[in-house]
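> sequence? don't have it. structure:
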């Protein structure tokens, strides 16, 4: 039996409607996918920008804090190169190159990398170590230079470094640094006046130790001691922006990161805050300190060629 024209039209209408619905469905899916992709891209872009902004902001704050701390707490005669901030997902890192300056000579000293998160939590790693040879001798790794040791006047030690006889054996074409641990507390002006003018005073050790006395097994290493930097008159002066000239300047700078310590130091300020000084120069210049009554210990540090 033949189908009528109405039946055929109905069939074609159903097929056409099916194709139309199918096409509309595909269009809706494509539109949904496209919109979803746009939303995802927008969210990812927003996340990346937000992540970069907040991580970079946190990194800038941490870098500023480290720079401020380095003004008062840094290994003597060392300077930090421009910090590099790397940004990751919800974290970042700050890399610094640290080098030591002896007169007009530069020694690569170490690299520092600090990783941090959005909350400001951070971990530090260092590309250096120290090797103890004996009670008065420590070498810096990897460059093999000697590290200066420091002796707190109020404490007693089994042995004290006295490296004046050692430096006599060095040739005349060397620059050296030496840590002079004093026999008691002095004011900054007193130290500046009583040392021979032939030596270059480059750093002053600040006393932040308790009142208790007694024996100490080991001297202090130069790392992270509180001190006032006075760069050498040549290269060092151009590499630092320190404005600390007096004990008051030092306390004001320290207050930015450790106000509690400032309160303790102010209580001792009248008796003098300085318990050691780092000097640089040739062996003849450093030997002018030998047998001075205020020298409790003398520890040789890095040695570089003069020419």
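Arrived safely, thanks for sending. Because the structure is a prediction, the values reported are computed rather than measured. Numbers count the residues shown, from 1 in each chain.
> isn't residue 80 right up against residue 97?
Yes: under the criterion of Cβ atoms under 8 Å, residue 80 makes contact with residue 97 at 7.2 Å. Yep, even glycine has a C-beta here, placed from its N, CA and C like the rest.
> off-centre distance for the longest helix seen in the chain?
If you go by DSSP state H, the chain has its longest helix at helix 5-70. The offset between the C-alpha centroid of helix 5-70 and the centroid of the whole chain comes to 43 Å, using Cα atoms, centre = their mean, to the nearest Å.
> equivalent analysis for stretch 205-224, please.
21 Å.
> okay, how far is it across it, tip to tip?
As for stretch 205-224, its first-to-last residue distance stands at 11 Å under the measure Cα to Cα, to the nearest Å.
> now do the buried residues in it.
For stretch 205-224, a neighbour-count test (16 or more other Cβ atoms under 10 Å) marks 205, 206, 207, 208, 209, 219, 220, 221, 222 as buried.
> now those residues in a markdown table, with distance to residue 262, pLDDT and secondary structure?
Output for the buried residues of stretch 205-224, formatted as a markdown table (distance: Cβ to Cβ, whole Å; pLDDT from 0 to 100; DSSP: H, G, I helix; E, B strand; the rest coil):
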| residue | distance to residue 262 | pLDDT | secondary structure |
| --- | --- | --- | --- |
| 205 | 17 | 96 | strand |
| 206 | 11 | 95 | strand |
| 207 | 13 | 93 | coil |
| 208 | 10 | 91 | coil |
| 209 | 15 | 89 | coil |
| 219 | 26 | 95 | coil |
| 220 | 21 | 94 | strand |
| 221 | 24 | 93 | strand |
| 222 | 22 | 89 | coil |
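> out of those residues, the closest to residue 283 would be?
Nearest to residue 283, judged by Cβ to Cβ, of these is residue 222 at 20.3 Å.
> ok, the closest one touching residue 75?
Yes: counting by Cβ under 8 Å, residue 75 is a contact partner of residue 222 at 4.7 Å.
> what's the average pLDDT for stretch 282-290?
Mean per-residue pLDDT for stretch 282-290: 96.
> what are the contacting residues of that stretch?
With Cβ atoms under 8 Å, 6 or more residues apart in numbering as the test, stretch 282-290 has contacts from 164, 167-168, 170, 172, 174-176, 178, 180, 195-196, 198-200, 279, 295, 298, 306.
> from residue 206, how far off is residue 136?
Distance, residue 136 to residue 206, by Cβ to Cβ, to the nearest Å: 23 Å.
> meant to ask about residue 198, not that
In terms of Cβ to Cβ, residue 198 sits 24 Å off from residue 206.
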